[in-house]
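Peer 1: This is a predicted model, with the sequence first.
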Amino acid sequence: MLLPLSKPILKIALDVPLARLFDYLSADQHVQIGQRVLVPFGRRNQIGIVMGKADTSEFAVEKLKPITQAFVEEAPLDAEMLSLIKFSADYYHYPFGQALLAALPARLRQVAPAVSRKQYLYQITDLGRQVDIESMPKRQRVLRQVLAALQVNNAQTETELDELSASARKAAKELVALAYATSEQVLAIKRVPAILNTPQPALNEEQAQAVASITQDIKMFKAWLLHGITGSGKTEVYIRLMQHILQEAQDKLEAKNNTHGSIATKHEPTSAQILVLVPEINLTPQLEARFRARLPQYSLVSLHSSLSESERLHNWQLAQTGAAQIIIGTRLSIFTPMPNLKLIIIDEEHDSSYKQQDSMRYHARDVALVRAKRLNIPVVLGSATPALESWYNAMGNSVQTSNAAPSNSQPNKYGLLTLKQRAVTAAQLPKIDCIDTTKVNLQHGLTPQLITALRLRLERKEQSLLFINRRGYSPVLLCSACHWIAPCTRCSSRLVVHLGQRKLRCHHCGHEQRIPNQCPSCGDADLHPTGHGTQRLEQTLAQLLPNARIARVDRDSISRKHALVEILDKVHNQEIDILVGTQMLAKGHDFPNLTLVGVIDTDSALHSPDFRASERLFAQLMQVAGRAGRADKVGQVIIQTAFPDHALFNALRTQDYASYANDLLQERAQVQFPPYVFTALLRAEAHDFTLVQKFLQFAFVQARQLSTHVVTYDPVRPQMERLKGMERAYILMHSTQRPALQKLLTQLVTELRQNKLSAKVRWAIDVNPLEF
């Protein structure tokens, strides 16, 4: 029964796996919607977010508890952010409270006030502006300096005053006492020395057309696919768009302040913010450095997991208050509150890193499109190899797919902008050679052609990059007598040899053990590593080319903070001859003196059961090939493969993404795979596979009964049947109608939560999965 209460109650979202809000008494504390609060929950206190207020509750008044504390000194979360996360939680079928709390910096999820770095901002008053500095005593040198700085700049932070004099802060306080200035506490913005005399390159015709097309519709929602070959200058297009928006906003702000008889200061909240999403942390430092060099007058922050908790909180708050104008971040940044967001840029939009693989399995690109549409702002998706979904949305019905479902035909959803030329006039696309490994004798896994090309680059004092997407020393430890292979006891995978540490390690669950002295199966001592990883390739190159300066870049070698930045600086300073690395080197990096790229082993992806494998491999190889010949030196790419005549390599030689993408779309249409259908998986796992079978069989029956517009397949096991000790399986559902699939998932989740097995099985809905 609903009971009216004498005081309003608060509807609070908590980080618990329940799809509901919780009622608490307001305890006479004035809190706002979006306010962070501390509440008793069970035997402990927990952080929650106020989502609403009500006069009634379905629970008895004596059962309602008051909140413990409201962090009223903190700015509440804005309605736009709360609405976006609510939409995402509903669409991806995840508990809202958990989704909301997960989107916050770690410090805001902790049971303590979130303290951030602050400083005083001093602003000139009308009285202070009228003071004649020459009339002030000359012995008050610092006081005169500070007042002069305020009269010129209108406002100065403590950090800026420190550059004038060690006693400038004391002088500023004296000016406040004289009513010549006012002071207030603001978030401290980290000052980065500006890089002077950074030239602005001239745009080529394609770049200029791209900028003009987007700026023409800059004040409305439109999704733009910027398809540019590697080295075509997509980043320069981003910078010009950012300049246009930020300068226009600054001009309007100054005009507004001048109209009202005041003077704008650079410390006033900006009227424009830009979010730049990158797929990996590794791309953040170089992009940040480039933006700071070209846009030094605008405040910039980054958001990613390598930041400390205090750094992330501080940068997040700068974005929330509007003080940060440019925000660079990885996928979680899409949920950052930005009151003046005017443009979203998604670099390398095809990258699978934008898809969250646990918790709420959102795709940052798709959420960005929703956010942009709600705010009526443009979003730019940049890539040399767009995701097929994006390509399909840009091409529309121009893709010839004879077997596509008629109901799924569509006009172009995205505007398509193409950059076919490299931005540096002298730069040419590299020559791509595929070497048939079945017809040559390999030396430690390398073809004679690749070894010769490496030696030639060393003679020319040019740089090389060898790409192998497998870290460790060797992927397999093999017994030559009984052919035993070291398995992971917790996963359906093999242990990888890390010879330097004398360990076997699982790259899926983290399990590791010492390398045995003899075979556990037959007792033979002849155990040897088979295959190549980055560590073995590094060792091989050191033996073949003893004078070469070699650096390895993989997750093991850059675990230390700033390690990657240090290696990249050495590359730019010509202190490294050969780079050996995984996919983290494949995209985004610009090495002018790098003229050779060698690709060691990619054949396994050609015959993968994953229907997206060829799309990913083509994108990966196009990206890594694009590292070669980006300046005025001719580049070469050598790919070692047993299948040099494969259609993928034929398309790669001509670097014709469009033709290859259209061929893949025709294949997808024939078998009714995305983007021609909308898909979802119900994933389940448990230590006991019998529980998984019973749970999924129940779900399968329910799904078939609930909808005839969605095709539901029988439960199957994934390629990796066991992961981290958990037995796994899933159900695939797909439909040509997105609403029909969403309706089924909503009904199915309700049924599953009421089933007793749901407490014994770990399960999750994965909407638009990247892998089946």
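Peer 2: Ah, there it is. Residues are numbered from 1 along each chain as shown.
Peer 1: what ranges do the helices span in the stretch 101-250 of the chain?
Peer 2: Taking DSSP state H, counting those that start in this stretch as the criterion, the stretch 101-250 of the chain carries its helices at 126-130, 141-153, 158-162, 168-177, 205-216, 234-259.
Peer 1: Save the ones you listed as JSON lines, and put in mean pLDDT, distance to K53 and mean neighbour count too.
Peer 2: In this view, the C-beta of every residue, glycine as well, is placed from N, C-alpha and C. As requested, the helices of the stretch 101-250 of the chain are arranged in JSON lines below (pLDDT from 0 to 100; distance: least, CB to CB, whole Å; neighbours: other CB atoms under 10 Å):
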{"stretch": "helix 126-130", "mean pLDDT": "88", "distance to K53": "42", "mean neighbour count": "13"}
{"stretch": "helix 141-153", "mean pLDDT": "87", "distance to K53": "43", "mean neighbour count": "18"}
{"stretch": "helix 158-162", "mean pLDDT": "78", "distance to K53": "39", "mean neighbour count": "18"}
{"stretch": "helix 168-177", "mean pLDDT": "88", "distance to K53": "39", "mean neighbour count": "17"}
{"stretch": "helix 205-216", "mean pLDDT": "96", "distance to K53": "42", "mean neighbour count": "17"}
{"stretch": "helix 234-259", "mean pLDDT": "85", "distance to K53": "35", "mean neighbour count": "18"}
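Peer 1: Which of these sits closest to P675?
Peer 2: Go through these one by one with CB to CB and the one that ends up closest to P675 is helix 234-259, at 22.9 Å.
Peer 1: can you list the weak-confidence ranges in the stretch 451-600 of the chain?
Peer 2: Within the stretch 451-600 of the chain, the segments meeting pLDDT under 70 span 587-588.
Peer 1: what's the answer for the chain, then?
Peer 2: Across the chain, residues meeting the criterion (pLDDT under 70) sit at 1-7, 28-29, 188-197, 256-270, 397-411, 424-427, 587-588, 630-631.
Peer 1: Sheet partners, orientation included, of whichever strand in it runs longest?
Peer 2: Looking across the chain with DSSP state E, the single longest strand is strand 44-57. Strand pairing for strand 44-57, determined by DSSP bridges: strand 3-14 (antiparallel), strand 36-41 (antiparallel).
Peer 1: residues in contact with whichever helix or strand comes after that strand?
Peer 2: Sequence-wise, the next helix or strand downstream of strand 44-57 (DSSP states H and E) is strand 69-70. Residues from elsewhere that reach strand 69-70, judged by CB atoms under 8 Å, 6 or more residues apart in numbering: 29-31, 35-38.
Peer 1: again, only using 7 Å
Peer 2: Surrounding strand 69-70, the residues in contact under the criterion CB atoms under 7 Å, 6 or more residues apart in numbering are 29, 31, 35, 37-38.
Peer 1: Please apply the same query to stretch 553-567.
Peer 2: For stretch 553-567, the external contacting residues (CB under 7 Å, 6+ apart) are 282, 285, 306, 471, 534, 551, 579, 581-582, 584-585.
Peer 1: Restricted to strands, list these.
Peer 2: 551, 579, 581.
Peer 1: returning to that earlier point: Serialize the helices of the stretch 101-250 of the chain to a markdown table and add fields for distance to Q543.
Peer 2: A markdown table is the format used below for the helices of the stretch 101-250 of the chain (distance: least, CB to CB, whole Å):
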| stretch | distance to Q543 |
| --- | --- |
| helix 126-130 | 72 |
| helix 141-153 | 61 |
| helix 158-162 | 52 |
| helix 168-177 | 60 |
| helix 205-216 | 45 |
| helix 234-259 | 38 |
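Peer 1: In contact with Y238, which residues?
Peer 2: Contacts of Y238 by CB under 7 Å, 6+ apart are 276, 345.
Peer 1: any idea how far it is from R717?
Peer 2: With the distance defined as CB to CB, to the nearest Å, Y238 ends up 43 Å from R717.
Peer 1: now swap in V50 and tell me
Peer 2: 44 Å.
Peer 1: which ones are touching the spatially most central residue of the chain?
Peer 2: When CA atoms, centre = their mean is applied to the chain, the residue found nearest the centroid is T330 (2.8 Å). The neighbourhood of T330, defined by CB under 7 Å, 6+ apart, consists of 278, 281, 304.
Peer 1: my read is A703 is in a strand, agree?
Peer 2: No: looking at A703 with DSSP: H, G, I helix; E, B strand; the rest coil, it is helix, so not inside a strand.
Peer 1: so L303 makes contact with N315?
Peer 2: Yes: applying CB atoms under 7 Å as the test, L303 and N315 come out as touching, 5.6 Å apart.
Peer 1: The two: which is more packed in?
Peer 2: N315 (27 against 23; other CB atoms under 10 Å).
Peer 1: Can you list the buried residues in the strand or helix carrying the more buried one?
Peer 2: In this assignment (DSSP H and E), N315 forms part of helix 309-321. Applying a neighbour-count criterion of 16 or more other CB atoms under 10 Å, the buried positions in helix 309-321 are 311-321.
Peer 1: a markdown table please, covering those residues and showing distance to P487.
Peer 2: A markdown table is the format used below for the buried residues of helix 309-321 (distance: CB to CB, whole Å):
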| residue | distance to P487 |
| --- | --- |
| E311 | 41 |
| R312 | 39 |
| L313 | 43 |
| H314 | 46 |
| N315 | 43 |
| W316 | 43 |
| Q317 | 48 |
| L318 | 49 |
| A319 | 46 |
| Q320 | 48 |
| T321 | 53 |
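Peer 1: Run through the strands of the stretch 401-550 of the chain in chain order.
Peer 2: Listed from the start of the chain, the stretch 401-550 of the chain has strands (DSSP state E, counting those that start in this stretch) covering 415-419, 431-436, 463-467, 476-479, 496-498, 503-505, 512-514, 527-530, 550-553.
Peer 1: wait, what's in contact with L745?
Peer 2: Applying CB under 7 Å, 6+ apart, the residues near L745 are 93, 680, 765.
Peer 1: if I look at the residue lying closest to it once chain neighbours are set aside, how far off is T712?
Peer 2: Excluding the flanking residues, the one nearest L745 by CB to CB, 6 or more residues apart in numbering is H93, at 5.4 Å. As defined by CB to CB, H93 lies at a distance of 16 Å from T712.
Peer 1: Same question for Q151.
Peer 2: 72 Å.
Peer 1: which strands and helices sit next to the helix or strand where V597 lies?
Peer 2: Per DSSP H and E, V597 falls inside strand 594-599. Counting contacts by 3 or more CB pairs under 7 Å, 6 or more residues apart in numbering; DSSP states H and E, strand 594-599 is packed against helix 448-460, strand 463-467, helix 613-625, strand 636-641.
Peer 1: Give me whichever of these is most buried.
Peer 2: For these, ranked by mean neighbour count under the definition mean count of other CB atoms under 10 Å, the leader is strand 463-467 at a mean of 26.
Peer 1: So which residues make contact with that one?
Peer 2: Taking CB under 7 Å, 6+ apart as the criterion, the residues outside strand 463-467 that touch it are 454, 457, 537, 571, 576-581, 585-586, 591, 593-594, 596-600, 624, 627.
Peer 1: ok, how many other residues are close to the residue nearest to C509 when sequence neighbours are not counted?
Peer 2: When the adjacent residues along the chain are set aside, C509 lies closest to K724, with 4.4 Å between them (CB to CB, 6+ apart). Using other CB under 10 Å, K724 has 14 neighbouring residues.
Peer 1: So which of the ones in strands among the contacts of stretch 553-567 wins on neighbours?
Peer 2: Neighbours here mean other CB under 10 Å. Within the ones in strands among the contacts of stretch 553-567, the largest count is held by G581, at 26 neighbours.
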